[in-house]
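> when you get a sec, could you give me coordinates for this:
(chains A and B)
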Amino acid sequence: MTYSSTLALGRQTGVSRGANSVSFKVTDKRLGPVSNTIVLIVLACLLGLLYLTQVTKTNAYGYQINGLQQQQSKLQQQHEDLSVASARLQSMDRVASSQAAADMTPTTPAGSVQ
Amino acid sequence: MNQQPSPVTVNPVQRVRLWYAVLLLVFGLFAVRLFYLQIIRHDYYKRAAQSDQLKQYTVPAERGIISAHLGDGSVPIVLNQKLYTLYADPTIVKHPDQDAAKLQPIIGGNVADITTQLQAKDTRYTVLKKKLTADQSKQLRALKLPGIGTEEQDYRTYPQGSLASQLLGFVNDEGSGEYGVEQAMNKQLAGVAGQLKAVTDINGVPLAASPNNISTPPTAGDNLELTLDVGMQADLEKIVKAAQDKNQSKDVSAIVMDVHSGAIKAMANYPTYDPADYQHVSDAGLFQNDSVATPIEPGSITKLFTTAASLQKGAVTPTTTFYDPGSWTIDGAKISDVEEDHSTGQQSVLSTLDKSLNTGATWMLMQLGGGQINAQARNILHDYFVNHFRLGKATGIAQGYEAPGYVAKPAANGAAIDLTYAEMSFGQAYTATALQMISGFSSLVNGGTYYQPYLIDKTTKADGSVVTKQPKALQTGVISKQVSDQMISLLEQNNTNHIHEGFPYLQFGPNYSVGGKTGTAEIADPAGGYYAHKVNGTYMGFVGGDSPQYAIVVYNLEPTKYAGFAGAATGQPVFADIAHMLVNDFGVTPKHP
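Modelled structure (predicted):
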């Protein structure tokens, strides 16, 4: 009795002339229960490994996304700060007290009489 | 010979079976326990795990910015800025005095005060300083002081300082707009916060692989562009402040409106406040935009509405004259003029405006009733005040706390209603805001169209789409074009008369059309009657070329330092300053030669 269907009888040698020859060849090559179990376990492990690889890889993207979002946030903040600085530089008070304004020559309005 | 008792022998098979049974029992216990934990208590532990791993964040939306016109372009007047708050947990701080000495060079203040805050016993959170810059925050974090940290916070920032502060309002610590545009347009400015629900790592970083992650991005608030002209607003604020200083008034307000659209070009009140420092304002009344939130009895500028109604109804013409008896007795009370308490003889519609005769305005009301104040006269005046000039109802402008004012109903009420209406004809016994008055007045001088006053010129949505506000004519034919022209002519003549009566500053030369009317209004005493020595000075007029271009209203409340009548002494000069400013600097179109 064998537990493996991978075993097969080979062709018998030394057959005498005129004798009938019989060939015992197993045509049904099926895995036995132990092999099946091992294969299934290996497949399950491979699938698990694949899943873990993908999950880890995807989660790594999460860190990348997070990093990019932080960078975006930092750039937005810089943009806001620059907008504020630009607006302050153009403020009426600053313009009125600027050297350019001080260098201007007052003129008499042409249209209205005060 | 005694035979030794043989030792108890245990069958090896039995021993193995015993251990086997023990092992089975132990595994059985594990199995039962695991069954309990994983099957029976499954939901409980799932929730517990998720509460640790699944985090839910609200992603705040960027609040919309506010800008205003400057020349042909626009400039931002309200922006957002991320600043930092320095906080401490005094229970963790180990060396308050040493830490305070390290903090002081970065945040300012004095070491003793900071030490006191760091030694607080009754709290685990104390704010040491607000509105620190990113650089300051970085320096503070570098100190690595236990129990002391900084946190980011969004603030509104005002590059033009306190310009238009009461009109703009501010955003409180909870992120809600208070007063002004910020309150009225809070929903549009605030946008919609986003949501992020995600499984996170121990540092709170969302893991991308979770199928339970939910991410809804925030929608930024609308950006608003106001109708204000920043330069005009700045100049108007200077004029208003100068008037308040000169007249030592309780408050001075002024508005400049485009008569052909209802757009507010400038709106100012003084005293005012700095919106960036609103937390330190002790008088909450300073937050109010008095031009829209504080209705008063406007005084004789109301005679323009009474005159227009009378002209429109055909009760009088610009040349109609009448005999002024010096006073009228209505419902047992005497109506007289401020200046004269005796007959002034034959008067006209123009002289009623020029001399600001209360008896003249009352006479016009009588003409509306066929010669006496009656239900017909009251109904007509009420109809014009409320339905034509839209007094007594809010205009709907984008401002918080807009007040509707008050106009008494015309039906007899057993409470001297004829006297009430006689007083209303010359500006007492009803209340209106400066905005309501200028909106009604614009319809008087623009040919008879009432435009809804507005402040928001353009709205830019988060998706980039732009909605430009079109002027909204709420009513045409408020008065006819003919009556409008008559009113313009009367006001121009009134201005000319005033120049000759000793107010040369009202001269604008031949290229410009200028007209207006003074008002000196008594102030109701909550205890009954009117104050003996308190009045408000008001003025309402226009400036333009071939036709009026800008309407101007001035409310000078409770001036204490002036000579003569409050309207002429404290309202009229402010009007003249504003009109000159508009002619000289803001392109009032002169008359065609």
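
> neighbours around the nearest residue to residue B:333 once chain neighbours are set aside, how many?
Excluding its sequence neighbours, the residue lying closest to residue B:333 (Cβ to Cβ, 6 or more residues apart in numbering or on different chains) is residue B:419, at 5.2 Å. Where C-beta positions appear, they are placed from N, C-alpha and C, glycine not excepted. Neighbourhood size, residue B:419 [other Cβ atoms under 10 Å in any protein chain shown]: 20.

> what residues does chain A have near chain B?
Within chain A, the positions near chain B by Cβ under 8 Å from any Cβ of the partner chain are A:54-55, A:58-59, A:61-63, A:65-66, A:77, A:80-81, A:83-84, A:87-88, A:90-93, A:109, A:111-114.

> from those, which would you call buried?
When those are checked for burial by 16 or more other Cβ atoms under 10 Å in any protein chain shown, the buried set is A:59, A:62, A:66, A:80-81, A:83-84, A:87-88, A:91-92, A:111-112.

> would you confirm that residue B:576 contacts residue B:507?
No - using Cβ atoms under 8 Å, residue B:576 is not in contact with residue B:507; the gap is 9.0 Å.

> so which of the two has more stuff around it?
A direct count of neighbours by other Cβ under 10 Å for residue B:576 and residue B:507 places residue B:576 higher, at 28 against 17.

> and the helix or strand harbouring the more buried one, what does it pack against?
Per DSSP states H and E, residue B:576 falls inside helix B:572-585. In terms of contacts (3 or more Cβ pairs under 8 Å, 6 or more residues apart in numbering or on different chains; DSSP states H and E), helix B:572-585 is packed against helix B:230-247, strand B:251-258, strand B:513-524, strand B:530-544, strand B:548-557.

> any idea how far that helix is from the chain center?
Centroid separation for helix B:572-585 versus its chain: 25 Å, with Cα atoms, centre = their mean, to the nearest Å.

> got the CA coordinates for it in PDB?
The C-alpha coordinates for helix B:572-585 follow below in PDB (Å, rounded to 0.1, in the frame of the first residue of the first chain):
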ATOM      1  CA  GLN B 572     -23.700 120.500   6.600                       C
ATOM      2  CA  PRO B 573     -19.900 121.000   6.900                       C
ATOM      3  CA  VAL B 574     -19.400 117.300   6.900                       C
ATOM      4  CA  PHE B 575     -21.500 116.900   3.800                       C
ATOM      5  CA  ALA B 576     -19.500 119.700   2.100                       C
ATOM      6  CA  ASP B 577     -16.200 118.000   3.000                       C
ATOM      7  CA  ILE B 578     -17.400 114.700   1.600                       C
ATOM      8  CA  ALA B 579     -18.800 116.300  -1.600                       C
ATOM      9  CA  HIS B 580     -15.500 118.200  -2.200                       C
ATOM     10  CA  MET B 581     -13.600 114.900  -1.600                       C
ATOM     11  CA  LEU B 582     -15.800 113.200  -4.200                       C
ATOM     12  CA  VAL B 583     -15.400 116.000  -6.700                       C
ATOM     13  CA  ASN B 584     -11.700 116.300  -6.200                       C
ATOM     14  CA  ASP B 585     -10.600 112.700  -5.900                       C
END
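
> hang on, the earlier thing: the helices and strands packed on helix B:572-585 into CSV, with extra columns for mean pLDDT?
Shown next, in CSV, are the helices and strands packed on helix B:572-585 (pLDDT from 0 to 100):
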stretch, mean pLDDT
helix B:230-247, 97
strand B:251-258, 98
strand B:513-524, 96
strand B:530-544, 95
strand B:548-557, 98
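
> and the ones you listed, which is most packed in?
strand B:548-557 (a mean of 28; mean count of other Cβ atoms under 10 Å in any protein chain shown).

> after that one, next one along is what?
helix B:566.

> circling back: report the angle between the helix holding residue B:576 and helix B:230-247.
150 degrees (axes from the mean of the first three to the mean of the last three Cα atoms, to 10 degrees).

> report the buried residues of helix B:572-585.
Applying 16+ other Cβ under 10 Å to helix B:572-585 flags B:572-584 as buried.

> repeat that for stretch B:313-330.
For stretch B:313-330, by 16+ other Cβ under 10 Å, it's B:313, B:315, B:316, B:318, B:320, B:322, B:324, B:326, B:327, B:328, B:330.

> which one among those gets closest to chain A?
residue B:318 (27.5 Å; Cβ to the nearest Cβ).

> thinking the closest one is in contact with residue B:351, fair?
No - applying Cβ under 8 Å as the test, residue B:318 and residue B:351 come out as separate, 11.3 Å apart.

> what residues sit buried inside the strand or helix carrying residue B:115?
Secondary structure assignment for residue B:115, by DSSP H and E: helix B:111-118. Buried residues in helix B:111-118, counted by 16+ other Cβ under 10 Å: B:111, B:114, B:115, B:117, B:118.

> what parts of chain B come near chain A?
So chain B meets chain A at B:75-77, B:79-82, B:134, B:157, B:159-161, B:163, B:205-209, B:230-231, B:234, B:505, B:507-509, B:511-512, B:579-580, B:583-584, B:588, B:590 (Cβ under 8 Å from any Cβ).

> hang on, the earlier thing: take the buried residues of stretch B:313-330 and lay them out in TSV including pLDDT.
TSV is the format used below for the buried residues of stretch B:313-330 (pLDDT from 0 to 100):
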residue	pLDDT
B:313	97
B:315	97
B:316	97
B:318	95
B:320	96
B:322	96
B:324	93
B:326	91
B:327	92
B:328	94
B:330	95
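
> wait, which of the residues you listed is closest to residue B:88?
residue B:330 (70.0 Å; Cβ to Cβ).

> how about that closest one, what does it touch?
B:362, B:373, B:416, B:418, B:419, B:422 (Cβ atoms under 8 Å, 6 or more residues apart in numbering or on different chains).

> most surrounded residue in the residues you listed?
The contacts of residue B:330, ranked by neighbours (other Cβ under 10 Å): first place residue B:422, 29 neighbours.

> need the contact list for that one.
Neighbours of residue B:422 in contact, by Cβ under 8 Å, 6+ apart: B:328, B:330, B:335, B:362, B:365, B:373.

> what's the closest of those to residue B:500?
residue B:362 (26.6 Å).

> residues in contact with the helix or strand where that closest one lies: which ones?
Assigned by DSSP H and E, residue B:362 falls within helix B:358-368. Defining contact as Cβ under 8 Å, 6+ apart, one finds that helix B:358-368 is touched by B:300, B:302-303, B:306-307, B:309-310, B:313, B:315-316, B:322, B:324-328, B:330, B:335-338, B:344, B:347, B:349, B:351-353, B:372-373, B:376-377, B:380-381, B:421-422, B:425-426.

> show the secondary-structure elements that whichever helix or strand comes after it is packed against.
Per DSSP H and E, helix B:358-368 leads on to helix B:375-382 as the next helix or strand towards the C-terminus. On a contact count with 3+ Cβ pairs under 8 Å, 6+ apart, helix B:375-382 meets helix B:303-312, helix B:358-368, helix B:417-425.

> closest to residue B:474 out of those?
Using Cβ to Cβ, the helices and strands packed on helix B:375-382 put helix B:303-312 closest to residue B:474, at 16.4 Å.
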